[in-house]
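dropping the sequence and predicted coords here.
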Amino acid sequence: MNTKSVDVLIIGAGPSGCVSAAYLHQKGLTVQVIEKSKFPRFVIGESLLPRSMEHFKEVGLLDCLEAMNFEKKKGARFIRNEEVCLFDFSKKYTEGWNWTWQVPRADFDKALADEIIRKGVDIAFEWAVTDIKFEGTNSKTTIKDNQGNEKTINAKFVIDSSGYGRVLPRLLDLEKPSPLPKHSSIFTHVKDSNRPLGKEGTIITFDVVKPQVWIWVIPFSNGNTSIGVVGPTEFIESYKGNTTEMLSEMLKLSKHYYNRFKGVDFLFDPICIKNYSKSVKQLYGEGYALTGNSSEFLDPVFSSGVAFATESSLVAAKLVARQLNGEKVDWENEYTNHIKKGVDVFSSYVKEWYTENLQTLFFHRPENPEIKEKICAVLAGYVWDETNPFVKKHDRAVSSMAHLIRMESQQ
């Protein structure tokens, strides 16, 4: 069996794996990326947050993305019946990027992978990890291709960026139930032939059609649009028929979008992901770290997936580089505590979205510009800025403010 030895093995060539690989390659470490798919390939997670732009820039991956002319995302719109709440990333509390992109991930991920290959990183496509054994921080990973050929990768460290593949959580028994309620989603792409002109046609929108049910609409620059419905699992399962019939029926719930998408062909059979929230027992161990969706996945409502993927992968890569350089790294404090801090903030906002406390803040009139700026910073991914009281007091700020609004409305 063929054997290859590298400093770092990265499992997965999505945004998380590419950011880690680009950083480690910059630092002169040898990197092997293993990717079970052939690119381009479809994956969900099409709306980015401004925070991620910092990560792409730091590791030299911004130029290749700018060349793709993806749809710019300068904010987000939330709709509930006739009520509209518009967030503008240029009007946020925390300093940082004021825009990002809405992307077909097949094109986006391929652009990143092509760029790190161009830089000199080796990606083995259509190889899957079948086994891994650790001896201290050193590991022996068995990989297999579609023809059954096997190879062994010896590495001093492994970064799992396998996303929904969740390779190490499965192989090392690290899975644990998510504390978030059980929700599911069903989604597809359409050729957006009825798209309105101007901003109305290109802004990402979250359309609340029932208290815990909402529809995403993510327009792309190629003329296609991603549409999906999210709700409690029992709500999704209450619709019968195939996925095309289910999604077509659910779209009737939207006053805003039903006519726009009525009769428009789905570009692929809608995909249904049930009980999508994931968690793990730990984010790292001796010789490995979990990044992105291979560790935690919360909920699609605030598009936090790619932001956590790139944040965790860049932080992990920096710690790996230091450790392989002989430094002692405090993984618990510098990695777990840092990532958990951001996850906890977003988890609070996801929970408060489904309790409707956050919706109370979004749709209350007149708007409070100061509060809106602070929440906008959270929605832009700046969830580590503890000068923002809506970050520092995330576990009670939203519910307290919603309670005050309700008290005022009763007077």
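Nice, I can see it. Numbering: from 1, shown residues only.

tell me the mean pLDDT for stretch 368-387?
Across stretch 368-387, the average pLDDT comes to 97.

what's the first-to-last distance across it?
Stretch 368-387 has an end-to-end distance of 19 Å (Cα to Cα, to the nearest Å).

not counting sequence-adjacent ones, nearest residue to residue 318?
residue 23 (6.8 Å; Cβ to Cβ, 6 or more residues apart in numbering). For every residue, glycine as well, the C-beta is placed using N, CA and C.

the one you found - how many residues pack around it?
Close neighbours of residue 23, defined as other Cβ atoms under 10 Å, add up to 24.

what of residue 140?
A count of nearby residues for residue 140, using other Cβ under 10 Å, gives 15.

how about residue 396?
Residue 396 has 11 neighbours, counted by other Cβ under 10 Å.

who are the contact partners of it?
Contacts for residue 396 (Cβ atoms under 8 Å, 6 or more residues apart in numbering) come out as none.

swap in residue 152?
Here residue 152 is in contact with 1, 2, 3, 4, 140, 141, 142, 143 (Cβ under 8 Å, 6+ apart).

ditto for residue 105
By Cβ under 8 Å, 6+ apart, the residues touching residue 105 are 14, 42, 43, 44, 45, 46.

grab the most central residue of the protein for me.
Centroid-nearest residue in the chain: residue 305, 1.4 Å away (criterion: Cα atoms, centre = their mean).

next, count neighbours for the residue lying closest to it once chain neighbours are set aside.
Nearest residue to residue 305, sequence neighbours excluded (Cβ to Cβ, 6+ apart): residue 45, at 4.4 Å. For residue 45, the count of nearby residues is 23 (other Cβ under 10 Å).

so where is this structure shaky, pLDDT-wise?
By pLDDT under 70, the low-scoring segments of the chain are 1.

how is it divided into domains?
Domain assignment for the chain, taken from automatic domain parsing, gives 2-73+100-177+277-341, 183-273, 354-410.

first-to-last residue distance for the second one?
Distances were taken as Cα to Cα; on that basis the terminal residues of domain 183-273 are 9 Å apart.

so how far is that domain from its chain's centroid?
Offset of domain 183-273 from its chain centre (Cα atoms, centre = their mean, to the nearest Å): 19 Å.

for the shortest one, same thing?
Distance of domain 354-410 from the chain centroid (Cα atoms, centre = their mean) equals 22 Å.

just the first one next, same as before
Relative to its parent chain, domain 2-73+100-177+277-341 has a centroid offset of 13 Å by Cα atoms, centre = their mean.

now the residue nearest to residue 318. Its backbone dihedrals?
phi -70, psi -50 (degrees, to the nearest 10).

my guess is it contacts residue 59. True?
Yes - under the criterion of Cβ atoms under 8 Å, residue 23 makes contact with residue 59 at 4.7 Å.

among the contacts of residue 105, which ones are buried?
Neighbour-count burial (16 or more other Cβ atoms under 10 Å) applied to these gives 14, 43, 44, 45, 46.

and the residues you listed as a markdown table, adding secondary structure and distance to residue 86?
Shown next, in a markdown table, are those (DSSP: H, G, I helix; E, B strand; the rest coil; distance: Cβ to Cβ, whole Å):
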| residue | secondary structure | distance to residue 86 |
| --- | --- | --- |
| 14 | coil | 30 |
| 43 | coil | 28 |
| 44 | coil | 24 |
| 45 | coil | 23 |
| 46 | coil | 20 |
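
and the longest helix along the chain, which residues are buried?
Secondary structure of the chain per DSSP state H: the longest helix is helix 305-324. Under the neighbour-count criterion of 16+ other Cβ under 10 Å, helix 305-324 has 305-321, 323-324 buried.
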